[in-house]
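> Give me a 3D structure for the following:
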Amino acid sequence: MKKKYGKYYLVIIIAIVALLFTWIYPSVTCSDVCEASKETVRAGIMDFFTMIYFSFYYRMNELFLLFAIGGCYGVLSQTKAYRKMIDKVSNFVEGRELISTLVVTLVMGLYAAFCDQLLVLLIFVPFIITVYLKAGRDRITALMAAFGGMFIGTSGAILGTHGIAGLALSMGLNVSTKVGVKIVMFIMSYVLFNLFAWFHMKKQTKLVDSTKYDMFTTEELDEKGVKKYNKVNVWPTAILMIVCAIIALLAFVNWKESFNVTLFSDSLTKFKTNADFLYHVVGDVDAFGDWTYIALSGVLVLFTLVIGLINGRKEFLFHDFGKGMKKITKVAVMFGLVQIIFTISFVYGWAFNPTIAIIGTKFNVIKMLIAAMFISFFAVDPTLITYVLGLHFVTLFSEKLFLTSFIFTAGYSIIQVIAPTSFLLMIALTYLNVPYTKWLKEIWKYALCLLLMSIIIALVI
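Numbers count the residues shown, from 1 in each chain. Below you'll find the predicted structure:
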């Protein structure tokens with residue numbers, strides 16, 4: 001097995017295993033509780049290709065975003081303003097990697113813990129990775145800085161409604177129920193993750209050149225040869241990038257469910273009423289909190305066009321954008337492949353059969369955590385878990401609903417960090433061409449600590 005394609009082979013093998021399990025386990029039928037179906041629906045060879053088609057088809061939202069990000073950074077990486085920005089930031093980060101990682105993972109982690117959709121944070125990933133690799137850090141450190149906040153926010157979903165955190169809503173719980181417990185989980189996850197990131201940084205005794213692994217690396221900008229009146233001005237590009245980032249971040253916070261804020265929806269309603277013509281010129285747009293990745297992709301493209309034009313890339317704009325899209329293709333392919341496992345679980349439902357068998361009818365913390373990790377491994381998309389098991393938990397464990405939600409969030413977050421079925425992890429490993437085994441050697445201790453910490457907190461509450 002060639003190392004270059006090792007992760008792809010691994011994901012495809014797991015998908016085939018998931019397909020074979022349809023011959024062993026029937027799906028489940030759910031009314032008040034979920035029970036094993038009487039008939040087993042087996043998937044065949046041609047069904048596997050159908051699953052591949054539907055996996056990419058139903059994930060067009062996310063794929064559009066990935067290609068938009070690729071195109072955006074394809075243009076940015078060719079502009080002198082962005083190159084100068086990278087040089088300045090990487091020079092600042094060099095020697096301050098620990099404090100920089102603490103700040104980046106805290107900011108991104110807090111957003112992930114409060115947001116409605118997680119992948120919006122991918123818009124910052126290429127910038128962070130380029131900065132860290134330019135500062136002489138290795139790929140693992142860059143990965144921890146760029147994706148660490150998302151891992152932390154997933155485990156400590158304070159008011160977030162994305163993913164498995166939505167399980168609480170499906171069971172009738174308020175997102176602010178026992179928010180103190182969630183804050184403790186977030187703090188502990190943050191401390192543990194950055195502790196292990198620091199341990200890894202200490203092992204790197206000298207700076208390394210890993211920029212060859214960066215999709216959007218930039219050449220160092222030498223302004224000595226630039227004429228006095230043509231020196232690069234960073235601020236127009238920086239301001240546009242900041243405005244675009246603010247729009248993206250505001251658009252994916254669930255303002256109504258998490259904060260009971262209706263300002264954006266009310267403002268949009270007034271805008272539709274009082275500026276009907278302008279609204280139709282802009283097109284159908286949702287209020288912040290209800291955006292899709294398609295809308296965000298459109299915003300990224302528009303801002304990219306403006307940035308390219310003001311930086312003199314008019315003749316090369318579409319070439320740069322297309323080149324960036326081409327570079328991100330391998331990440332998009334990996335994302336789609338991981339979703340095959342989800343599609344098999346969704347269509348055939350076999351994974352919920354052993355899950356409800358593990359859970360049983362009597363509440364047990366350890367069994368619940370094992371079940372959470374098992375179904376998170378095969379279901380991939382936590383919204384499927386929420387959709388199938390929400391009423392099941394309400395019926396069986398009405399007095400343990402928050403604890404159930406907490407345990408499933410913990411189990412899902414552990415899988416996100418270590419499993420080859422974690423779409424977030426596989427995006428990260430593919431982007432930086434990090435072997436899965438290399439990452440596992442670095443992160444298994446953190447995953448184990450997260451597991452033990454989750455059990456302790458669950459037993460206490």
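> Please make it C-alpha for all contacts and neighbour counts, starting now.
Fine.
> what does the helix or strand hosting residue 453 rub up against?
Under the criterion of DSSP states H and E, residue 453 resides in helix 436-460. Residues from elsewhere that reach helix 436-460, judged by Cα atoms under 8 Å, 6 or more residues apart in numbering: 7, 140, 185, 189, 192-193, 196, 200, 365-366, 403, 406-407, 410-411, 414, 417-418, 420, 429.
> can you do 6 Å?
The contact list for helix 436-460, computed with Cα atoms under 6 Å, 6 or more residues apart in numbering, reads residue 414.
> avg pLDDT for that helix?
Averaging pLDDT along helix 436-460 gives 93.
> Identify each buried residue in it, please.
Residues of helix 436-460 classed as buried: 436, 439, 443, 446, 447, 449, 450, 451, 453, 454, 455, 458 (neighbour count, 16 or more other Cα atoms under 10 Å).
> quick one: the last one from residue 54, how far?
Using Cα to Cα, to the nearest Å, residue 458 is found at 37 Å from residue 54.
> Any stretches of this structure with poor pLDDT?
Scanning the chain for pLDDT under 70 picks out the ranges 1-4, 161, 163-166, 219-230, 279.
> Nearest the geometric middle of it, what residue?
residue 119 (4.1 Å; Cα atoms, centre = their mean).
> Now do the contacts for residue 275.
Contact criterion Cα under 6 Å, 6+ apart gives no residues in contact with residue 275.
> same thing with the one 10 residues further on?
Contact partners of residue 285, counting by Cα under 6 Å, 6+ apart, are absent.
> all helices for the stretch 151-300 of the chain, in order.
Ranges of helices within the stretch 151-300 of the chain are 167-170, 179-203, 235-251, 255-259, 263-274, 276-282, 293-310, based on DSSP state H, counting those that start in this stretch.
> Report the two of the buried residues of helix 436-460 separated the most.
Maximum pairwise distance in the buried residues of helix 436-460, criterion Cα to Cα, is 30.0 Å, between 436 and 458.
> next SSE after the biggest helix by length in the chain?
The helix spanning the most residues in the chain, taking DSSP state H as the definition, is helix 317-348. Downstream of helix 317-348, the first helix or strand assigned by DSSP H and E is helix 352-359.
> in the next helix or strand after that next one, what's buried?
The helix or strand immediately downstream of helix 352-359 is helix 365-379, counting by DSSP H and E. Along helix 365-379, these residues count as buried under the neighbour rule (16+ other Cα under 10 Å): 365, 367-379.
> Over to stretch 333-340?
Neighbour count says stretch 333-340 has 333, 334, 335, 336, 337, 338, 339, 340 buried, by 16+ other Cα under 10 Å.
> again with stretch 305-323
Quick answer for stretch 305-323 (16+ other Cα under 10 Å): 305, 307, 308, 311, 313, 317, 318, 320, 321, 322, 323.
> Excluding chain neighbours, what is closest to the fifth one?
For residue 313, ignoring the flanking residues on the chain, the nearest one in space by Cα to Cα, 6 or more residues apart in numbering is residue 79 at 7.3 Å.
> and if you look at the last one?
Distances taken as Cα to Cα, 6+ apart place residue 74 nearest to residue 323, at 6.1 Å, with adjacent residues excluded.
> what's that neighbour in contact with, if anything?
Contacts for residue 74 (Cα under 6 Å, 6+ apart) come out as 320, 321, 324.
> Including distance to residue 284, could these go into JSON lines?
Formatted as JSON lines, those follow (distance: Cα to Cα, whole Å):
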{"residue": "320", "distance to residue 284": "29"}
{"residue": "321", "distance to residue 284": "25"}
{"residue": "324", "distance to residue 284": "28"}
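> Of the residues you listed, which is the nearest to residue 95?
Closest to residue 95 out of the contacts of residue 74 is residue 324 (30.0 Å), distances taken as Cα to Cα.
> Hmm, residue 71 and that closest one touching each other?
Yes: Residue 324 is within contact range of residue 71, at 4.3 Å (criterion: Cα atoms under 6 Å).
> hang on, the earlier thing: tell me the angle of the longest helix of the chain relative to helix 365-379?
Between the axes of helix 317-348 and helix 365-379, defined by axes from the mean of the first three to the mean of the last three Cα atoms, to 10 degrees, the angle is 130 degrees.
> list the helices and strands helix 317-348 packs on?
If contacts are counted by 3 or more Cα pairs under 6 Å, 6 or more residues apart in numbering; DSSP states H and E, helix 317-348 sits against helix 45-57, helix 60-76, helix 423-432.
> just these: most buried one?
Highest mean neighbour count among those (mean count of other Cα atoms under 10 Å): helix 60-76, with a mean of 24.
> what's the following helix or strand after that helix?
Past helix 60-76, further along toward the C-terminus, the next helix or strand under DSSP H and E is helix 80-93.
> hey, C-alpha coordinates of the very next helix or strand once past that next one in PDB?
Moving toward the C-terminus from helix 80-93, the next helix or strand (DSSP H and E) is helix 97-114. The C-alpha trace of helix 97-114 is given here as PDB (Å, rounded to 0.1, in the frame of the first residue of the first chain):
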ATOM      1  CA  GLU A  97       4.200  29.100  19.000                       C
ATOM      2  CA  LEU A  98       2.800  28.000  22.300                       C
ATOM      3  CA  ILE A  99       1.100  31.200  23.200                       C
ATOM      4  CA  SER A 100      -0.100  31.600  19.600                       C
ATOM      5  CA  THR A 101      -1.600  28.100  19.700                       C
ATOM      6  CA  LEU A 102      -3.300  28.800  23.000                       C
ATOM      7  CA  VAL A 103      -4.900  31.900  21.600                       C
ATOM      8  CA  VAL A 104      -5.900  30.300  18.200                       C
ATOM      9  CA  THR A 105      -7.400  27.200  19.800                       C
ATOM     10  CA  LEU A 106      -9.200  29.200  22.400                       C
ATOM     11  CA  VAL A 107     -10.800  31.600  19.900                       C
ATOM     12  CA  MET A 108     -11.700  28.800  17.400                       C
ATOM     13  CA  GLY A 109     -12.800  26.500  20.200                       C
ATOM     14  CA  LEU A 110     -15.200  29.000  21.700                       C
ATOM     15  CA  TYR A 111     -16.700  29.700  18.300                       C
ATOM     16  CA  ALA A 112     -17.100  26.000  17.700                       C
ATOM     17  CA  ALA A 113     -18.700  25.600  21.100                       C
ATOM     18  CA  PHE A 114     -21.400  28.200  20.300                       C
END
